[in-house]
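Asker: no sequence on this one, just coordinates:
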């Protein structure tokens, strides 16, 4: 009966959209709770690790989080000065 | 043993004060000795909803600061002799409310009442955490609307970390009270339904208060809705919620408006 009603008023059924938006948002917010500085923490630790091998400008390390429906992506953008490729390659081995 | 109940929500305007007044009155109507405390310093309204606004002399902060005795600040309801109100201060600085002072007052009230209902201010800051600080149970008032559900989710974990009871390693019982629910709109998929909200908040349901004109009518005249029109749909829903608080098992239904015969006939003709 409920489904039939929903079907009949398909265009007005905005509640499923509300539910889905909330589920995505809250899954993310709950993950961050208690560690509101997650991105800052990640940035500092990534910076520390990479700095062991490469000279970095701390300002050039950007950590970004993008929320998606099923997965979120963590984007780490590190700008490395030219002429250091060799030492990176060595470090990678 | 006295029970301290905080009525909270995170978001403002969802019905905390209305629900505190209705639940408090309903408990008193069932013979319990009840005090309702307004924690919304600077924006007090519980006195107005309870119809006691002209009888406020002293307030919570006066008692905390020792300016008045608790017995001088408590206002007895004119309709129910076992219902009392402790109003918030309208003029004082919010910081005058201290954790220690509130603790002393709650401890004192515990010796005198069966139920102590704390009407929390909106937000998740100090005022809201103070209101829940000494609570044994929490009622989270939620509207079937995205921003309200989100804010409820935000505040729902706080009783587990911010209360004295939680710090002692005990569990603070939590309940969701859904207000302004429109079963017909939910059935049409225009409003989050009960299952959606409960699935998201993962907290037991205390009651479903239907959207109703009776709520505004009651606050207009300064009477808790359970007193103003006990037969109305929201009053019956609050009564059911109170029975659940008292440990009874009550079927979860959304009370509907009872239409009079004339109403039905007129409606039929119109259709």
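Answerer: On my side now, so go ahead. Source: prediction; values computed, not measured.
Asker: nearest residue to the residue in chain A that chain B sits nearest to other than its sequence neighbours?
Answerer: Closest contact between chain A and chain B, by C-beta to the nearest C-beta, is at residue A:13 (3.0 Å). (Glycine included, C-beta is placed from N, CA and C.) In this structure, residue A:13 finds its nearest non-sequential neighbour in residue B:189, 3.0 Å apart by C-beta to C-beta, 6 or more residues apart in numbering or on different chains.
Asker: That neighbour contacts residue A:15, correct?
Answerer: Yes - Residue B:189 is within contact range of residue A:15, at 4.8 Å (criterion: C-beta atoms under 8 Å).
Asker: Settle it for me: which of these two has more neighbours?
Answerer: residue B:189 (24 against 21; other C-beta atoms under 10 Å in any protein chain shown).
Asker: what bits of chain A have low per-residue confidence?
Answerer: A:1-11, A:32-37, A:67, A:69, A:83-93 (pLDDT under 70).
Asker: Helices of that one, residue ranges please.
Answerer: For chain A, the helices defined by DSSP state H occupy A:2-8, A:15-32, A:38-51, A:85-92.
Asker: Now do the third one against helix A:15-32: the angle between them, please.
Answerer: Compare the direction of helix A:38-51 with that of helix A:15-32 by axes from the mean of the first three to the mean of the last three C-alpha atoms, to 10 degrees and you get 50 degrees.
Asker: Other residues contacting helix A:38-51?
Answerer: A:32, A:35, A:56, A:58, A:61, A:62, A:63, A:64, A:65, A:74, A:76, A:78 (C-beta atoms under 8 Å, 6 or more residues apart in numbering or on different chains).
Asker: Among these, name the buried ones.
Answerer: A:56, A:61, A:63 (16 or more other C-beta atoms under 10 Å in any protein chain shown).
Asker: show me the contacts for the closest residue to residue B:146 other than its chain neighbours.
Answerer: Take residue B:146 and drop its neighbours on the chain: the residue closest to it by C-beta to C-beta, 6+ apart is residue A:18, 5.1 Å away. Applying C-beta under 8 Å, 6+ apart to residue A:18 gives the contacts B:145, B:146, B:192, B:196.
Asker: quick revisit: SS state for the residue nearest to residue A:13?
Answerer: coil (DSSP: H, G, I helix; E, B strand; the rest coil).
Asker: for residue B:7, same thing?
Answerer: strand.
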